[in-house]
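K.L.:
got a predicted structure here, sequence first:
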Amino acid sequence: MQCIQRRVAVFSAVIVFFPVVLFAQMDSGIMQASNGQSLPPGQQPASMQDSGPNAGDVGQSVKDRMFLRGATEAGIADVKFSQLAMEKTSSDDVKTFAQTMVDDHTRLNQNLARVADSMGITLPKHMNKEDEARYAKLQSLSGTDFDTAYLTLMVKDHHRAMRVFRMEANTVNDPSLRDAVGDGEHVIHGHLVMVNKLAREKGIPMPEHKQGPPRTH
C-alpha cells in the first residue's frame with residue numbers, strides 16, 4: 001500500500017513539474033523568436049551563455065575611463081598651478097619651467113581629449129576639490145616660499161602621474177589610447193628630470209618616491 005502511495009506522489013509531482021519546464025522552454029523560444037533569432041540544436045539562449053570572455057573587456061573599459069578622467073584632472077591642475085607660477089615667481093628658471101608645464105600639459109590634455117571623444121567618454125573641464133585647495137594655498141604664498149611649494153608640488157604630482165601612466169600602459173588595449181599613454185609617460189619623465197634638477201640647484205630637498213611598476217609591453 002505504501003509503495004502504491006509513493007508511486008502516486010511521484011506521478012503527481014511529475015504532472016505538476018512538467019508544465020513548468022515546458023512553459024520555461026516555450027518562453028525562451030518566444031523571446032528568441034521575438035528577436036528574429038532561431039537557436040541551433042543544443043545552443044543556449046544568450047542570457048544563459050557564459051559572459052566570462054567579455055568581463056575582461058568591460059573591466060578594462062572602466063579602467064580606461066577612470067584613467068582618462070583622472071589624468072585629465074591632473075593635467076588641468078598642472079596647467080593651472082604653472083600659470084600661477086608664471087605670474088608669481090621672480091625666478092627666470094622657475095618661470096621657464098612653468099611655461100614648459102603649461103605647453104606640454106595643454107598638449108597632453110588635448111591628446112587625451114581626442115582619444116576620449118573617439119571612445120565616447122566625457123572628460124572633466126575643471127580641477128577637482130583637492131587641487132582647488134592646493135591652488136588656493138599656493139596663491140597665498142610669494143617669493144621663495146612660493147617657488148619651494150610649487151616645485152615640491154610638481155615633483156609629487158609627476159611621480160604620482162608616472163605611476164598612474166605606467167599602470168595604464170601595462171594593461172591598455174586601445175591603440176590610440178596606448179599611443180597617448182606612451183607619449184604622456186615620456187613627457188612626464190622629462191618633467192621629473194627638469195624639476196629635480198631645478199630643485200637641487202635651488203637647494204630644495206625633495207622627498208623620496210617609490211618606483212612605479214615596470215612596463216610589461
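P.N.:
Thanks, I have the structure now. Numbers count the residues shown, from 1 in each chain.
K.L.:
touching stretch 132-148 from outside, list them.
P.N.:
Contacts with stretch 132-148, where a contact means Cβ atoms under 8 Å, 6 or more residues apart in numbering, come from 77, 80-81, 84-85, 88-91, 94, 127, 149-150, 153, 202, 204. Every residue, glycine included, has its C-beta placed from N, CA and C.
K.L.:
same check, this time on stretch 174-190
P.N.:
The contact list for stretch 174-190 (Cβ under 8 Å, 6+ apart) reads 64, 67-68, 71, 104, 108, 111-112, 114-115, 118-119, 158, 161-162, 165-166, 168-169, 172.
K.L.:
buried ones in it?
P.N.:
For stretch 174-190, the neighbour count (16 or more other Cβ atoms under 10 Å) marks 177-178, 180-181, 184-185, 187-188 as buried.
K.L.:
switch the residues you listed over to TSV; also include pLDDT.
P.N.:
Formatted as TSV, the entries for those read as follows, by pLDDT from 0 to 100:
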residue	pLDDT
177	96
178	96
180	96
181	97
184	97
185	97
187	97
188	97
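K.L.:
which helix of this structure spans the most residues?
P.N.:
Residue-count comparison of every helix in the chain, with assignments taken from DSSP state H, identifies helix 52-88 as the longest.
K.L.:
quick check: buried residues in that one?
P.N.:
By neighbour count with 16+ other Cβ under 10 Å, helix 52-88 contains the buried residues 64-65, 67-82, 84-85, 88.
K.L.:
do stretch 134-151 as well
P.N.:
134, 138, 146-151.
K.L.:
and residue 123, helix, strand or coil?
P.N.:
Per DSSP: H, G, I helix; E, B strand; the rest coil, the secondary structure class of residue 123 is coil.
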